[in-house]
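Student: I need the structure of the sequence given here:
(one chain, ligands or ions: 1)
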Amino acid sequence: MINIAVLGYGTVGSGVVEVIKTNQDIVNKKAGEDINIKYVLDLREFPGDPVMDILVHDYDVILNDPEVEIVAEVMGGVNPAYQFVKAALEKGKSVCTSNKELVAKHGPELIEIAKKNNRNFFFEASVGGGIPIIRPLIQCITADDVTHITGILNGTTNYILTKMCKEGLDFDTVLKEAQDLGYAERNPSADVDGFDACRKIAILTSLAYGKHVDFEDIYTEGITKITDTDFKYANSIGCSVKLFGEATKVDGNIYASVAPVMISGDNPLFSVNGVFNGILVNGNVLGDVMFYGSGAGKLPTASAVVSDIVDAVKNLNTNIAIEWTDEKLELADYKTSEKKFFVRVNGTVADKLSEVESAFGKVEVITLDELKDEFAFITEVMSENKYEEAAAKVDGIVTRIRMGN
Ligand code: HSE
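Tutor: Numbers count the residues shown, from 1 in each chain. Below you'll find the predicted structure:
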């Protein structure tokens, strides 16, 4: 029998207990051992919940119990998760976590401590919830130079953008609805400002290239400026707008970003709607592979944590190597990255197009019958720098959205 402890009895923690209980026989069989939850750590009490029999409030009880071989950290946040996880690994316990803040900030150090102690630090649930993406990146897509990772990595923002696209609603109305449904937090900043997706693409980029990407180096723009009018234009040309976390390798330079991107129906991520996540990976010899599924939520996320626990049981005294060193990966200057831009401008085509084309060169014009005093255009491929230079020469630009493939 293998004893485990679960740190945190919130949404994911209670999910881990539920998944193990629901699928106990299957999980035991796949692990090759009986898995026993010996402790759950939480500061709160849960009267009437059977978890009370194994609930502890003092982490030292878990840390100092040599019978606990695996710790599932599902508390979230960097502190005290970092101290707890580090101490567990140093005590010779394997750790499985869903905590993207912790992994994005301290991943290489915790991987190294696990290696030194011949234990494992697994974090499948930290990106894409229940979607297998970490293990495919580190164990399957190992023959390739990864040229592109494009991810819809945040369920809340994808829900909001999908509703705006399909129902013509404005951002504030849909955000309120998402909050009422419990998808978005009361303080939705981590989701709508792109910070959550930023941690996730930092983890994927670090794993793809084996060096540490500082999430603070990643250009990050959220979805708060996307309007219902933007979607009217997008729909008129068969496009939608998605929040993409992206890493791209161009001529040996690696770019990473989080930003809303306008994509056409040809893009495989176009149909990733609602709270679902999708991640498209391109390798130089593999071509495209796509991962799709539930990127958040209690049971999908817990499913990924429990699959890590199974793997940790199967490799109890064997460190599974994860190539992610603490050497910093220097990202290329985002302003030199190139793409087309969708731009809205005040004025009529007759009055304004020559001014626009003298700044941007040839553009593709989009007009909407209901909007008489503005139009939109799509530029040729240009760098962010060149876009800014050109935009400064045109009066009345309302907004711009980057175009995807
Ligand atoms: N707030 C996140 C989301 C939860 O909406 O995707 C999963 O990390």
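
Student: what's the lowest-mean-pLDDT helix or strand in the chain packed up against?
Tutor: Least confident element among the helices and strands of the chain, by mean pLDDT, DSSP states H and E: helix 171-180 (a mean of 92). Counting contacts by 3 or more CB pairs under 8 Å, 6 or more residues apart in numbering; DSSP states H and E, helix 171-180 packs against helix 155-167. For every residue, glycine as well, the C-beta is placed using N, CA and C.

Student: who in the stretch 101-250 of the chain is up against the ligand?
Tutor: Contact residues, the stretch 101-250 of the chain versus the ligand (CB under 6 Å from any ligand atom): 129, 154-156, 191, 196.

Student: filter these to the buried ones?
Tutor: Buried positions within these, assessed by neighbour count (16 or more other CB atoms under 10 Å), are 129, 154-156, 191, 196.

Student: now do the helices in this structure.
Tutor: 11-22, 24-31, 59-63, 81-90, 100-116, 134-135, 155-167, 171-180, 189-192, 195-209, 228-236, 298-314, 349-360, 384-391 (DSSP state H).

Student: ends of stretch 309-318, what's the gap?
Tutor: One end of stretch 309-318 to the other measures 14 Å (CA to CA, to the nearest Å).

Student: list the buried residues of it.
Tutor: 309-313, 316.

Student: now, which of those sits nearest the ligand?
Tutor: Nearest to the ligand among the buried residues of stretch 309-318 is Ile309, at 19.0 Å by CB to the nearest ligand atom.

Student: the closest one contacts Ile4, doesn't it?
Tutor: Yes - look at Ile309 against Ile4 with CB atoms under 8 Å: they come within range, at 6.2 Å.

Student: who touches both of these two?
Tutor: Counting by CB atoms under 8 Å, 6 or more residues apart in numbering, the common neighbours of Ile309 and Ile4 are 35, 70, 72.

Student: tell me how many other residues crowd the last one.
Tutor: Residues contacting Ala72 under the criterion other CB atoms under 10 Å number 30.

Student: what bridges to it?
Tutor: Using DSSP bridges, the beta-bridge partners of Ala72 come out as Val6, Cys96.

Student: what sits against Leu110?
Tutor: By CB under 8 Å, 6+ apart, the contact set of Leu110 is 85-86, 89, 95, 102-103, 121.

Student: quick one, domains of this structure?
Tutor: 2-129+298-314, 135-294, 337-403 (automatic domain parsing).

Student: what's the average pLDDT for the shortest one?
Tutor: Translated: domain 337-403. Domain 337-403 shows a mean pLDDT of 98.

Student: endpoint to endpoint, that domain covers what distance?
Tutor: This stretch, domain 337-403, spans 12 Å end to end (CA to CA).

Student: strands of the stretch 201-350 of the chain, residue ranges please.
Tutor: 219-220, 239-250, 253-264, 276-283, 287-294, 338-339, 341-346 (DSSP state E, counting those that start in this stretch).

Student: what's the local residue count around Pro118?
Tutor: Residue 118: Asn, not Pro. Neighbours of Asn118 using other CB under 10 Å come to 13.

Student: the one 5 residues further on now?
Tutor: Number of residues near Phe123 (other CB under 10 Å) recorded here: 26.

Student: repeat that for Asn117.
Tutor: Neighbour count for Asn117, taken as other CB under 10 Å: 17.

Student: what about the residue nearest to it when sequence neighbours are not counted, distance to the ligand?
Tutor: Excluding the flanking residues, the one nearest Asn117 by CB to CB, 6 or more residues apart in numbering is Gly92, at 5.3 Å. Using CB to the nearest ligand atom, to the nearest Å, Gly92 is found at 29 Å from the ligand.

Student: now the residue in the stretch 201-350 of the chain positioned nearest to the ligand. Nearest residue, chain neighbours left out?
Tutor: The ligand sits closest to Ala296 of the stretch 201-350 of the chain, with a gap of 3.6 Å, by CB to the nearest ligand atom. Nearest residue to Ala296, sequence neighbours excluded (CB to CB, 6+ apart): Gly155, at 4.1 Å.

Student: ok, now Lys372?
Tutor: Using CB to CB, 6+ apart, the closest residue to Lys372 is Thr348 (7.5 Å).

Student: how about the contacts made by the one you found?
Tutor: Contacts here follow CB under 8 Å, 6+ apart; on that basis Thr348 touches 372-373, 375.

Student: tell me the one among these nearest to the ligand.
Tutor: Phe375 (34.3 Å).

Student: any weak-confidence spans in this structure?
Tutor: Along the chain, the model assigns pLDDT under 70 to no residue.

Student: ends of stretch 276-292, how far apart?
Tutor: Terminal-residue distance, stretch 276-292 (CA to CA): 7 Å.

Student: touching it from outside, list them.
Tutor: Contacts with stretch 276-292, where a contact means CB under 8 Å, 6+ apart, come from 127-129, 131-133, 136-137, 141, 143-155, 158, 204, 208, 268-269, 272, 293-296.

Student: just to revisit the earlier point, of the contacts of Leu110, closest to Val363?
Tutor: Lowest distance from Val363 to those (CB to CB) belongs to Val103, with 42.0 Å.

Student: test my guess that that closest one contacts Phe123.
Tutor: Yes - at 4.7 Å, Val103 and Phe123 qualify as touching, with contact defined as CB under 8 Å.
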